[in-house]
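Student: Fold the following, please.
(one chain, ligands or ions: 1)
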Amino acid sequence: MFMQIKGLSVQFGAKPILKDIRMELPKGEVVSIVGPNGAGKTTLLKSMASILSPPRKAVWTDGKDVRLYAANELAKKQAYVPQHSSTGFPLTVMETVLLGRKPYIKWGVTDQDLQIVERIMDRLQLTRLSEQFIDECSGGERQKVLIARALAQEPEVLLLDEPTSALDIRYQLEVLELLRQLAREQQVLVVLILHDLELAARYSDRVILLKEGEVFAAGRPEEVFTPAHIEQVYGVHVEIEQGSCGMKMTAIRPVLV
Ligand SMILES: Nc1ncnc2c1ncn2[C@@H]1O[C@H](COP(=O)(O)OP(=O)(O)OP(=O)(O)O)[C@@H](O)[C@H]1O
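Tutor: Numbering: from 1, shown residues only. A predicted model of the protein is given here:
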């Protein structure tokens, strides 16, 4: 298993936020974390990313407690894409994506660094924005730049907090398809928070459903997304229909229990 969570509990003040989370995640999979507002999804992802310092021996990457990695070493292993980010500097799109190469740069930017950045920007259709300042980009463009910066890190684990929230439907599908390809072709472990359960069902190999800081259900999308689970976690009655390209939720009736 490439990433392991071995009894992760987090509390803010006296308030318990995550309660004894345990999971094992292999390389090459897309894993979605879903659950209601306040369930602890971001706290879990930030703990996995070591943004919130997890307790010792709670989060393991590549067989080693993440607390034991040097920052530069960990940055080559895993990248984190926040929902929003500001560099605080007037950087262009190109410069922002190039920041993703920072863990690899010793004496200066190499041709290889530039080639990697150009390839990723091309893939995310950011090339035409290359010289534009990041603060002048739209919300969706900025979100793609943050994803591009993380891809430039060439991580083995990619952790993304609602990476498609500002994207239109076409870019949502393109970005999720790109992440799926990355998992399949380069054996990257992709862990992302999604609110759209249909997208999570369509693009995930595995789903973690959180409720009040605990794993309520985990497994393949068709195991996790059952009407009973969704009703118990979200309080919403849904009908689920198996589609030809994976699962498809055809009706979500807002009948609150
Ligand atoms: N720094 C903090 N200090 C105190 N409480 C916090 C802090 N960060 C998060 N919380 C609380 O922890 C709980 C979980 O927050 P978290 O952001 O992990 O939830 P989430 O599932 O990502 O929610 P959402 O879907 O709304 O983004 C919430 O009740 C939140 O108010």
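Student: what distance separates the lengthiest helix in the chain from the centre of its chain?
Tutor: For the chain, the helix with the greatest residue count under DSSP state H is helix 169-186. On the basis of Cα atoms, centre = their mean, to the nearest Å, helix 169-186 sits 12 Å off its chain's mean C-alpha point.
Student: continuing past that helix, what's the next helix or strand?
Tutor: strand 189-193 (DSSP states H and E).
Student: Return the list of helices and strands in contact with that next one.
Tutor: strand 30-34, helix 41-48, strand 157-161, helix 169-186 (3 or more Cβ pairs under 8 Å, 6 or more residues apart in numbering; DSSP states H and E). In short, each C-beta sits where N, CA and C put it, glycine included.
Student: now the helix or strand following it, how far from the chain's geometric center?
Tutor: Where DSSP H and E defines the elements, the next helix or strand beyond strand 189-193 is helix 197-203. Relative to the centre of its chain, helix 197-203 is centred 14 Å away, using Cα atoms, centre = their mean.
Student: and the residue nearest to the spatial centre of the chain, what is it in contact with?
Tutor: Centroid check for the chain by Cα atoms, centre = their mean gives Leu160 as the closest residue, at 2.1 Å. By Cβ atoms under 8 Å, 6 or more residues apart in numbering, the residues touching Leu160 are Tyr80, Val81, Ile147, Ala150, Leu179, Val190, Val191, Leu192, Ile193.
Student: So which of the helices and strands packed on strand 189-193 is nearest the ligand?
Tutor: Nearest to the ligand, of all those, is helix 41-48, at 3.4 Å by Cβ to the nearest ligand atom.
Student: pLDDT of that closest one, averaged?
Tutor: For helix 41-48, mean pLDDT is 97.
Student: could you say what helices and strands it packs with?
Tutor: Contact partners of helix 41-48 among helices and strands, from 3+ Cβ pairs under 8 Å, 6+ apart: strand 3-12, strand 15-25, strand 30-34, strand 78-81, strand 157-161, strand 189-193.
Student: I'd assumed Ala39 was in a helix, is it?
Tutor: No: looking at Ala39 with DSSP: H, G, I helix; E, B strand; the rest coil, it is coil, so not inside a helix.
Student: What is the neighbour count of it?
Tutor: Neighbour count of Ala39, defined by other Cβ atoms under 10 Å: 22.
Student: Need the nearest residue in space to Trp60, chain neighbours excluded.
Tutor: Nearest residue to Trp60, sequence neighbours excluded (Cβ to Cβ, 6 or more residues apart in numbering): Gln4, at 4.3 Å.
Student: That neighbour and Glu239, how far apart?
Tutor: Note on Gln4: its distance to Glu239, by Cβ to Cβ, to the nearest Å, is 36 Å.
Student: quick one: which of the two has more around it?
Tutor: Set side by side, Gln4 and Glu239 show more neighbours around Gln4, with 17 against 10, by other Cβ under 10 Å.
Student: quick one: contacts for the more buried one?
Tutor: Gln4 neighbours (Cβ under 8 Å, 6+ apart): Met23, Glu24, Leu25, Val59, Trp60.
Student: Any idea what it is bridged to?
Tutor: On the basis of DSSP bridges, Gln4 is bridged to Glu24, Trp60.
Student: Can you name the residues of the protein sitting close to the ligand?
Tutor: Within the chain, the positions adjacent to the ligand are Phe12, Ile17, Gly35, Asn37, Gly38, Ala39, Gly40, Lys41, Thr42, Thr43 by Cβ under 6 Å from any ligand atom.
Student: Of those, just say which sits nearest to Ala166.
Tutor: The nearest member of the residues of the chain next to the ligand to Ala166, counting by Cβ to Cβ, is Thr42 at 15.9 Å.
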